[in-house]
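Undergrad: Would you be able to build a 3D model of this:
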Amino acid sequence: MMTLSDYGEAKRLLVEYISRRDDIVTAWQYGEVSQPGVSDLDMMVLIKDKGDHGLNDYLMKDKLPPLVLKALAHANVIILPESSAYGVFYWDDVTCTDIKTKKPVNVPLLNVEYLRIAMLVDWYFERTYRIYSMKHHGCSNKQLMLGMMKSYGYCVENFQSLAPGVDFNQYFTLKKRLLELRNSWLEMESVNKHKVLENLFDDYYLLASDYHEVVFEWINNLDYYPEWSDNESEVTFHFPDGNVFHFCNRFSNEIKFHNDNPMIMLPEKLLHHFTLYANQSCQLSNKLGKSFRPQLPECQSMSVDWESEYKEFLYKRINFASSWYDCLKDNSFTYGLFKFGWYLNA
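TA: Residues are numbered from 1 along each chain as shown. As a prediction, the model looks like this:
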């Protein structure tokens, strides 16, 4: 079983490992190890924008020291170019610590409301898909289920910060049950803990179904996005991993499927959000644009008036993501993209 000191030793070994190359700058830990043996060690590795030969192979997860690999568990290693690493703070409200200096990483000043709304759009529906998909297909990896419920909870709490009038009592009741299960996970007998986990996951699925509609309607009444005026055809957005976003005017409790994967309903006005991402002059945007069905013409978001400062914030988000994509592509990485990672190999 991993102890707290094991995680500390894993970080020391990782610092030692990455210090062997001049094209690796440092590593940031984000999040915390709240339940040793259950929690993953979440790491971002910062690299020079132009790395030397073999950098992509050197940082592959299975090449890391065994204790580091054990501490990371199910977490992916995120790779960030040094020049745009601070862009992660435009995508998520993470708290980071530089594991070389052991000092907190300074967060740039930005509009927190813009950040939380953009996070709601970019993370909440994706995490809802993960919950729906695990329920539909099942999941044999029980610790992955524990982690996904916790990750979905982050999205719910982000929504709570935006919508204090919504009733979140049901969520916090489930969060307490999840915390109790995670704390006792390593001591429980397999049969018992798996039954408790499955019952809890079923309740999280029901919660996700209820909150999906609540978030849908809340965004539909949000002034940050104008109405989408082209109603000639329904639009879907197909991610390489099988996730499909279905943009529509009205929420339906009936879950539709595409290739045996649940489709996630989003308010149609969010087409402004995703077409803005897809209409920039960069490789990643080009990939995103090809994910729409049907293919969309030059987007309305370029001409329709909507919250200009918020729109500029979204430009910064996609520009940071594009710089990460370009750097990883240039250095032959097939993994490690903080957002839209499926497109590295698409």
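
Undergrad: C-alpha only now, for contacts and for neighbours.
TA: Noted.

Undergrad: in stretch 139-146, what's buried?
TA: Within stretch 139-146, the residues that count as buried by 16 or more other Cα atoms under 10 Å are 143-146.

Undergrad: Oops, could you answer that again for stretch 332-346 instead?
TA: Quick answer for stretch 332-346 (16+ other Cα under 10 Å): 332-341, 343-344.

Undergrad: tell me the secondary structure for the closest residue to N76 other than its chain neighbours?
TA: Sequence neighbours aside, G336 is the residue nearest to N76 in space, at 6.9 Å (criterion: Cα to Cα, 6 or more residues apart in numbering). Look at G336: counting by DSSP: H, G, I helix; E, B strand; the rest coil, its state is coil.

Undergrad: Same check on T275?
TA: Secondary structure for T275, judged by three-state DSSP, is helix.

Undergrad: Buried ones in stretch 208-219, by neighbour count?
TA: For stretch 208-219, the neighbour count (16+ other Cα under 10 Å) marks 208-209, 211-213, 215-217, 219 as buried.

Undergrad: Same check on stretch 17-36?
TA: 17-18, 23-30, 35-36.

Undergrad: Centroid-nearest residue for the chain?
TA: W123 (5.3 Å; Cα atoms, centre = their mean).

Undergrad: Quick check: it is in a helix.
TA: Yes - W123: assigned to a helix according to three-state DSSP.

Undergrad: Can you tell me, leaving aside adjacent residues, what's nearest to it?
TA: C155 (6.8 Å).

Undergrad: any idea whether G87 is helix, strand or coil?
TA: Note that with three-state DSSP, the state of G87 is helix.

Undergrad: Give me the neighbour count for the closest residue to it other than its chain neighbours.
TA: Leaving aside its sequence neighbours, G87 sits nearest to F320 (Cα to Cα, 6+ apart; 5.5 Å). Around F320 sit 21 other residues, with neighbours defined as other Cα atoms under 10 Å.

Undergrad: list the helices and strands the strand or helix carrying F320 packs on?
TA: Here F320 sits within helix 308-330, counting by DSSP states H and E. On a contact count with 3 or more Cα pairs under 8 Å, 6 or more residues apart in numbering; DSSP states H and E, helix 308-330 meets strand 78-81, helix 112-119, helix 271-278, helix 283-289.

Undergrad: residues in contact with the residue nearest to N76?
TA: Residues counted as contacts of G336 (Cα atoms under 8 Å, 6 or more residues apart in numbering) are 76-80, 328.

Undergrad: what about 6 Å?
TA: 77-79 (Cα atoms under 6 Å, 6 or more residues apart in numbering).

Undergrad: Go ahead and build a PyMOL selection from the buried members of the residues you listed.
TA: Only the buried members of these enter the following PyMOL selection, criterion being 16+ other Cα under 10 Å:
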select buried, resi 77+78+79
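
Undergrad: Now flag whichever of the contacts of G336 is closest to R116.
TA: For those, the residue nearest R116 by Cα to Cα is I78; the value is 21.3 Å.

Undergrad: circling back to that earlier point, gap between the helix holding F320 and the chain center?
TA: Its chain's C-alpha centre and that of helix 308-330 lie 15 Å apart, by Cα atoms, centre = their mean, to the nearest Å.

Undergrad: Just the C-alpha atoms of that helix, please, in PDB.
TA: Extracted in PDB, the C-alpha atoms of helix 308-330 (Å, rounded to 0.1, in the frame of the first residue of the first chain):
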ATOM      1  CA  SER A 308     -16.600  40.800 -26.200                       C
ATOM      2  CA  GLU A 309     -14.400  40.400 -23.200                       C
ATOM      3  CA  TYR A 310     -15.600  36.900 -22.600                       C
ATOM      4  CA  LYS A 311     -15.000  36.100 -26.200                       C
ATOM      5  CA  GLU A 312     -11.400  37.400 -25.900                       C
ATOM      6  CA  PHE A 313     -11.000  35.100 -22.900                       C
ATOM      7  CA  LEU A 314     -12.100  32.100 -25.100                       C
ATOM      8  CA  TYR A 315      -9.600  33.200 -27.700                       C
ATOM      9  CA  LYS A 316      -6.900  33.000 -25.100                       C
ATOM     10  CA  ARG A 317      -8.000  29.500 -24.100                       C
ATOM     11  CA  ILE A 318      -7.900  28.000 -27.600                       C
ATOM     12  CA  ASN A 319      -4.700  29.800 -28.400                       C
ATOM     13  CA  PHE A 320      -3.000  28.300 -25.400                       C
ATOM     14  CA  ALA A 321      -4.400  24.800 -26.200                       C
ATOM     15  CA  SER A 322      -3.200  25.300 -29.800                       C
ATOM     16  CA  SER A 323       0.300  26.200 -28.700                       C
ATOM     17  CA  TRP A 324       0.500  23.000 -26.500                       C
ATOM     18  CA  TYR A 325      -0.800  20.900 -29.400                       C
ATOM     19  CA  ASP A 326       1.800  22.400 -31.800                       C
ATOM     20  CA  CYS A 327       4.700  21.800 -29.400                       C
ATOM     21  CA  LEU A 328       3.700  18.200 -28.700                       C
ATOM     22  CA  LYS A 329       3.300  17.500 -32.400                       C
ATOM     23  CA  ASP A 330       6.700  19.100 -33.200                       C
END
